[in-house]
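A.B. asks: Can you look at this prediction? I've put the sequence above it.
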Amino acid sequence: MKTLRRFIHREALVAVSFVTAGFLALFFFFDLVDELRWVGKTGADGYQLSHALLFVVLSIPSHLYELLPITVLIGTIFVMARLAQSSEFTIMRTSGLGPWKALRTLLTLGGFFVVLTFAVGDYIAPLSDKAAQLVKAKYLGRLTTGATGAWLKEKQDDRSYAVNVRALTPDGGMLDVRVFEFDARGRLASQTRAASGKFGADGTWDLEKVERSSFQHQGVDGARVEHLQVPSLQWATRISADMVSASVLKPDRMGTLDLFQYVRHLDANGQSAQRYEIEFWRKVFYPLSCLVMVVLALPFAYLHFRSGGIAGYVFGGVMAGISFFLLNNVFGYAGNLQQWSPWLTAAAPGLIYSVLSLAAFGWLVLRR
């Protein structure tokens, strides 16, 4: 039985690797074509073709994380259908490979892909994506999001702060920082603007070229304004560099722990964390979808082929994988708009495909 398990695992790993390489090559081509529009743009040293190639290469782990459940499904369907077509799986069944043993064999394979998907999505992809963004920032000037940059909020005792960072520099610094301070009654107490800033090691921000305006409220309508200009200023805050990066970069490029800490920060400061909670639970459930995919592929080994026909089933696997990817995105957007439960929104696509795969397994494998 160990020989049969090793044979199935080896064939599946080869097929999944081949399909993954094909998809990654396709994404590499599309990304490179898209990056060519930036080549020649003037920045610090100019964005050249070599920089575009480096950016595209560093983006590969993010695509790998997104594609793994789909390629696991397609590769496993191909192997199971091919074994059925050549009657090899029938010989395995007569040798003692029953439905439950076959299921355990594929679940073991799926467990390997779960660990691989988690490792890529939680460790490799976030680091490579940050490196890719810094490459573009270095040669195009700066890294920003939207028209106004990143906005964050923090509470300190009876004071609240709204912080705006317009852009991040390639060396991890900040550009055009604005800090709005509000008192306990919600009135603007001060406004601080700095041309640049750096993250200190002791939980402070080191701001440079600072202009500060303090508002002294007098009576109901009266107020006195004091202006101050200093070359540098330290501001104590719990907003870390990772939190600012999270506001600039896409949440799906963050690690699970970083997302969890950022959600706690948003909740503690009264900000909406729905989008990031959904992304957090998607990070938790997405690797587990590899288990669903291998179970969905098992019934293809019990189909009967007359001549050919394997291409049609592989095409069906491609459509199923694409539909899972689309359903995952649709539920994410719908859950964010309709304020659905974050964990249920993230788990729903996997649950739907789990029901489909178990139903197909029960009908084709157990009852027939």
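C.D. replies: In hand now; what should we look at? Numbers count the residues shown, from 1 in each chain.
A.B. asks: List the buried residues in stretch 268-279.
C.D. replies: 269, 273-279 (16 or more other Cβ atoms under 10 Å). Where C-beta positions appear, they are placed from N, C-alpha and C, glycine not excepted.
A.B. asks: can you list those residues in JSON lines and add distance to residue 57 and pLDDT?
C.D. replies: Below are the buried residues of stretch 268-279 laid out as JSON lines (distance: Cβ to Cβ, whole Å; pLDDT from 0 to 100):
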{"residue": "269", "distance to residue 57": "37", "pLDDT": "70"}
{"residue": "273", "distance to residue 57": "33", "pLDDT": "76"}
{"residue": "274", "distance to residue 57": "34", "pLDDT": "82"}
{"residue": "275", "distance to residue 57": "29", "pLDDT": "80"}
{"residue": "276", "distance to residue 57": "28", "pLDDT": "82"}
{"residue": "277", "distance to residue 57": "32", "pLDDT": "87"}
{"residue": "278", "distance to residue 57": "29", "pLDDT": "87"}
{"residue": "279", "distance to residue 57": "25", "pLDDT": "85"}
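A.B. asks: Which of the residues you listed fall within helices?
C.D. replies: 274-279 (DSSP state H).
A.B. asks: can you pull the contacts of residue 215?
C.D. replies: 187-191, 223-225 (Cβ atoms under 8 Å, 6 or more residues apart in numbering).
A.B. asks: What of residue 172?
C.D. replies: By Cβ under 8 Å, 6+ apart, the contact set of residue 172 is 198-199, 241.
A.B. asks: Buried ones among these?
C.D. replies: For the contacts of residue 172, a burial check counting by 16+ other Cβ under 10 Å picks out residue 199.
A.B. asks: For residue 66, which non-adjacent residue is spatially closest?
C.D. replies: For residue 66, ignoring the flanking residues on the chain, the nearest one in space by Cβ to Cβ, 6 or more residues apart in numbering is residue 325 at 7.4 Å.
A.B. asks: count of neighbours near that neighbour?
C.D. replies: When neighbours are defined as other Cβ atoms under 10 Å, residue 325 has 16 of them.
A.B. asks: element containing it, please.
C.D. replies: Element membership of residue 325, judged by DSSP states H and E, is helix 310-338.
A.B. asks: what packs against that helix?
C.D. replies: helix 60-85, helix 274-285, helix 289-297, helix 342-361 (3 or more Cβ pairs under 8 Å, 6 or more residues apart in numbering; DSSP states H and E).
A.B. asks: what's the most buried one of those helices?
C.D. replies: helix 289-297 (a mean of 26; mean count of other Cβ atoms under 10 Å).
A.B. asks: returning to what we had before: any chance of the helices and strands packed on helix 310-338 in a markdown table with distance to residue 50 as columns?
C.D. replies: Listed next are the helices and strands packed on helix 310-338 as a markdown table, based on distance: least, Cβ to Cβ, whole Å:
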| stretch | distance to residue 50 |
| --- | --- |
| helix 60-85 | 16 |
| helix 274-285 | 33 |
| helix 289-297 | 35 |
| helix 342-361 | 38 |
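A.B. asks: what about the chain, any weak spots by pLDDT?
C.D. replies: For the chain, the stretches with pLDDT under 70 are 41-45, 140-148, 170, 217-223, 246-252, 304-309, 365-368.
A.B. asks: And the strands in it, which stretches?
C.D. replies: Using DSSP state E, the strands of the chain run over 150-156, 159-168, 174-182, 188-199, 204-218, 222-236.
A.B. asks: Can you name the residues in contact with stretch 50-67?
C.D. replies: 20, 23-24, 27-28, 31-32, 35-36, 38-39, 117, 120-121, 124-125, 128-129, 131-132, 135-136, 139, 253, 325.
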